[in-house]
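> Next comes the sequence, and after it the predicted model I'd like to discuss.
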Amino acid sequence: MSVNLKRRPTYRSKVIFHFFFLSIFYSSIAAQTLEDNCVRINFENNQNSNSTDEYFEQILNKLGISFELANGSFPKVAQIGEPTEAFFSAFGIDAPEDPGIIGDYFLTDDGVIDGVEYSPLLINFTNPLDTVAGIILDLDSDEEFEIFATNDNGDELFYQKIIAGEEMTGDGVATPWGFNLEGCQGSVTTLRFEGSRSSGDFGLGMDNFIFCFSGTDLLQDLNVEVTNILCQDNPGAIEIMSDNNEDLNFSIDGGENFTTEALFENLSVGTYDIIVSDGNACSGILNAEVMAIGPTVIEEIIVTHTSCGLDNGSFEVIATQDQGVIYFLENDAFAFQNVNTFDNLEPGLYRVTVIGPTGCSAAGEVFINPSEELFINEAEISDDACQQMVGSIQVNSTGGTGELLYSLGAGDFQNSSIFDSLSMGEYFLTIQDEAFCTRFDTVQIDDTPSVTIKDIQTTETLCDLPTGTISFAADGGTGNLNFLLDGNQMNDDPFFESLDAGEYVITAFDEFGCSMDSIAVIATPVCPIFIPNIFTPVNESNDKFQLYTNPMQEVTIMSYEIFDRWGARIFASSNFSIYDENNWWNGNDAGYKYSSGVYVYRIEVEYFDGSQEIFFGDITLAR
């Protein structure tokens, strides 16, 4: 069973609930009793009342405990068997797996199984309590059940969530729940129970409630006496002293074993939690610490070995006490001191002794390793080329202790002595050995001159003929420069000819492969328009007055007008493509055939680049 607890740190002692009360539930035969400051309710005598409401009013008047639903109504007392009021199980209607646990009667909500959740059950207490327990019936499928305990201020003191499928849940199973607050001090005034499932119908079944009002602090009359360890010769002990004659049980191993003996002996240095419990299952925890008097134990010696071939070793002694202690090296009988560090030591074996104010002593051995001087030699440098970050540094060194680490600038240390993908600049180099001997150097990486392209010039093509050219100037780089057009046409001169109109990528590169790209554009020219001076409607190849141009060039006829010799407009059309066959004059208009003769035209065109042009002239119609 998964249990999530939340408790307010209000009391002095930490209390552990052992579900001691569940054994009382299962053996209880009284409907409701009051003994040992605990109330037990199992609903077996509810039939003595005229109604369920009257029964709960009797409990309130007699015990100061009220049962109600969050919607303001009273809950119901259900009986095993028909009619169905709480749940269905494989053992029958409203029947648990073991009927002997609950008797014939138990508590439910409104007695109707309908919906995935129910109105929460509330139990209120006139007198605050400290210990609560009970059982839930038939928690199965995907059902969840939550328990909230609050004080008179509405503060949450305890929370428990039980999910179907966990230990001690299932069809018809009686699932225990409960808690015991710290110090057994009564503070709970309200319990709230909520249950739900994702589908189907949720039915509530609860029984065997126990509510305890001990109102005592188990630890208030107890004192702890500790016998500390002296010079590791006498083991420690803890004794619990009581001012009253109450029978108590004690555990020093986390509750695994309990004893009535209040004395624990043969203890080592450490902090101990001692669980104290009484016959009412109220319990608390006492804390006690057994210490070692005097620095009888050297806990740790922190060693710093020599580095860079120097006599600069050191170590620090961490003992169980750090005041009034004398430290000395047996290598030097006169090296007594009251500080726990020894510096500027040469390599070798040392034996250190610590003496405390009580005369207790301890000793330990330290070995300080030798080291070797570390040198940085001249580095091997490869310069960058055309700002492509291809420079590199290979560090050369001698000496040092163990493996070396290398760092460039503010970068992390690495095992390799080679740094690549570097650009031009000055670099700060650091090397370090296993003894943390560190050396520094400065290294300069240069760069080759970059390649540049400038003064790009182009000439247009003649209409659709490949007569365009690109010329430019280039300098920089290393060695001779060569040139590429669109990555495939190479030339050793910065000039390319016999080109169509369009956009081109020109590349200049040197002997190291350093390069620069640039864009050159050869403009698309406006091709001339051909205007005929005669047409014959009866000739299929020349049956209309039509303009012609390069078929790769788009031209829009903005205005197309024909006039007779007296200046009257006899035909007009506009806004059509030069390649449109349907808008040209064929010598007719509205069914009228014009006679052979000379006519005048006015034509306005717009080219693909947005430029416009107007043409005037004569056209001869021959029939």
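The structure has been received and is ready for your questions.
> surely residue 80 meets residue 97?
No - if you go by Cβ atoms under 8 Å, residue 80 and residue 97 don't touch, sitting 11.8 Å apart. From N, CA and C alone the C-beta is placed, and that goes for glycine too.
> Excluding covalently adjacent residues, which one is nearest to residue 69?
Spatially, and ignoring its direct neighbours in sequence, residue 69 is nearest to residue 119 (4.4 Å; Cβ to Cβ, 6 or more residues apart in numbering).
> Now do the same contact list for that neighbour.
Residue 119 makes contacts with 69, 70, 71, 73, 109, 110, as judged by Cβ atoms under 8 Å, 6 or more residues apart in numbering.
> circling back to that earlier point, what about residue 80 and residue 97, which has more around it?
Between residue 80 and residue 97, counted using other Cβ atoms under 10 Å, residue 80 has the larger neighbour count: 18 against 15.
> packing partners for the helix or strand harbouring residue 238?
Following DSSP states H and E, one finds residue 238 within strand 236-242. Other elements packing on strand 236-242 under the criterion 3 or more Cβ pairs under 8 Å, 6 or more residues apart in numbering; DSSP states H and E are strand 222-227, strand 263-267, strand 270-277, strand 283-290.
> Check which helices and strands the second one sits against.
Think strand 263-267. Identification of packing neighbours for strand 263-267 by 3+ Cβ pairs under 8 Å, 6+ apart yields strand 236-242.
> Equivalent analysis for the first one, please.
Other helices and strands packing on strand 222-227, by 3+ Cβ pairs under 8 Å, 6+ apart, are strand 236-242, strand 283-290.
> Tell me what angle the first one forms with strand 222-227.
Per axes from the mean of the first three to the mean of the last three Cα atoms, to 10 degrees, the angle that strand 236-242 makes with strand 222-227 is 160 degrees.
> what angle do strand 236-242 and strand 263-267 make?
Going by the same axes, to 10 degrees, strand 236-242 makes 170 degrees with strand 263-267.
> Likewise for the last one?
Relative orientation of strand 283-290 versus strand 263-267 (the same axes, to 10 degrees): 40 degrees.
> thinking again about what came up before, okay, angle between the strand holding residue 238 and strand 270-277 too, please.
Here strand 236-242 runs at an angle of 30 degrees relative to strand 270-277 (the same axes, to 10 degrees).
> Which parts of the following helix or strand past strand 236-242 count as buried, going by neighbours?
Scanning forward in sequence from strand 236-242 by DSSP H and E, the next helix or strand is strand 249-251. Buried positions in strand 249-251, judged by neighbour count with 16 or more other Cβ atoms under 10 Å: 249, 250, 251.
> So the first one is in contact with residue 257, correct?
No - contact status for residue 249 versus residue 257: not in contact, 9.9 Å apart, counting by Cβ under 8 Å.
> quick one: common contacting residues for these two?
Common neighbours of residue 249 and residue 257, using Cβ under 8 Å, 6+ apart, do not exist here.
> hmm, back to that, CA atoms only: put the strand holding residue 238 into PDB for me.
What follows is strand 236-242, C-alpha atoms only, in PDB (Å, rounded to 0.1, in the frame of the first residue of the first chain):
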ATOM      1  CA  GLY A 236      30.100   4.500  25.100                       C
ATOM      2  CA  ALA A 237      26.700   4.000  26.700                       C
ATOM      3  CA  ILE A 238      23.200   5.600  26.700                       C
ATOM      4  CA  GLU A 239      20.700   5.300  29.600                       C
ATOM      5  CA  ILE A 240      17.100   6.600  29.600                       C
ATOM      6  CA  MET A 241      16.100   7.900  33.000                       C
ATOM      7  CA  SER A 242      12.300   8.300  33.800                       C
END
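> Now that strand: average pLDDT?
When pLDDT is averaged along strand 236-242, the result is 90.
> rewinding a little: closest to residue 450 among the buried residues of strand 249-251?
residue 251 (81.8 Å; Cβ to Cβ).
> Would you mind measuring from the closest one to residue 133?
21 Å (Cβ to Cβ, to the nearest Å).
> Next: residue 375.
From residue 375 over to residue 133 the distance is 77 Å, taken as Cβ to Cβ.
> more neighbours, the two?
residue 133 (24 against 12).
> Just the buried positions in stretch 560-578, please.
560, 561, 562, 570, 571, 573, 578.
> Going along the chain, name the strands of the stretch 101-250 of the chain.
All strands of the stretch 101-250 of the chain, identified by DSSP state E, counting those that start in this stretch, fall at 105-108, 121-129, 131-137, 144-150, 156-163, 174-180, 188-196, 206-212, 222-227, 229-230, 236-242, 249-251.
> In TSV, list these along with distance to residue 442.
Shown next, in TSV, are those (distance: least, Cβ to Cβ, whole Å):
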stretch	distance to residue 442
strand 105-108	85
strand 121-129	77
strand 131-137	75
strand 144-150	69
strand 156-163	65
strand 174-180	70
strand 188-196	72
strand 206-212	79
strand 222-227	63
strand 229-230	59
strand 236-242	61
strand 249-251	68
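> Those strands: which one's closest to residue 407?
Residue 407 lies closest to strand 229-230 among the strands of the stretch 101-250 of the chain, at 48.8 Å (Cβ to Cβ).
> mind listing what the spatially closest residue to residue 107 that is not a sequence neighbour touches?
Once flanking residues are discounted, residue 107 sits nearest to residue 206: 4.7 Å by Cβ to Cβ, 6+ apart. By Cβ under 8 Å, 6+ apart, the contact set of residue 206 is 106, 107, 108, 121, 134, 135, 136, 137, 193.
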